[in-house]
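Student: Pasting the sequence and the predicted coordinates here, then a few questions.
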Amino acid sequence: AGDAALARHLQAEVGAARMVLTEGPRLGRTEHFAEVTFERDLPEGSLMELRIAGHDGQRLRA
């Protein structure tokens, strides 16, 4: 049930614009604490609005 709930949540985020705090060059968290990966390096410690492009079943992708 937990995996199904996570999959529904991640899918519902696709297409949304979210404020993301970058925690590493290619990892951050949304304002709702969901992990987000990036395809390019972003400055660590930045707060930026990103569009969620998809997910890998565990994390969002922007």
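Tutor: Here it is on my side, so go on. Numbers count the residues shown, from 1 in each chain.
Student: What segments of the chain are strands?
Tutor: For the chain, the strands defined by DSSP state E cover 17-24, 27-30, 35-37, 47-51, 54-55, 60-61.
Student: Among those, which comes closest to Leu10?
Tutor: For the strands of the chain, proximity to Leu10 was assessed by C-beta to C-beta; strand 54-55 is nearest, at 3.9 Å. Glycine gets a C-beta too; all of them are placed from N, C-alpha and C.
Student: To Leu6, which of the strands of the chain lies closest?
Tutor: Closest to Leu6 of the strands of the chain, according to C-beta to C-beta: strand 54-55, at 9.3 Å.
Student: could you say what helices and strands that closest one packs with?
Tutor: helix 2-13, strand 60-61 (3 or more C-beta pairs under 8 Å, 6 or more residues apart in numbering; DSSP states H and E).
Student: any residues touching that strand, and which ones?
Tutor: Under the contact criterion C-beta atoms under 8 Å, 6 or more residues apart in numbering, strand 54-55 has outside partners Leu10, Gln11, Glu13, Val14, Leu60, Arg61.
Student: what's the burial count for Gln11?
Tutor: Close neighbours of Gln11, defined as other C-beta atoms under 10 Å, add up to 12.
Student: Kindly report the same for Ala62.
Tutor: Neighbours of Ala62 (other C-beta under 10 Å): 22.
Student: any idea how far Met48 is from it?
Tutor: 9 Å (C-beta to C-beta, to the nearest Å).
Student: what do the two both touch?
Tutor: With C-beta under 8 Å, 6+ apart as the test, Ala62 and Met48 both reach Val20.
Student: Setting the sequence-adjacent residues aside, check what's closest to Ala62.
Tutor: Among residues not flanking Ala62 along the chain, Leu50 sits closest, at 4.0 Å (C-beta to C-beta, 6 or more residues apart in numbering).
Student: repeat for Gly24
Tutor: Gly24 sits nearest to Glu44 (C-beta to C-beta, 6+ apart), 5.9 Å away.
Student: thought Arg59 was touching Thr30?
Tutor: No - Arg59 is not in contact with Thr30 according to C-beta atoms under 8 Å; the separation is 10.5 Å.
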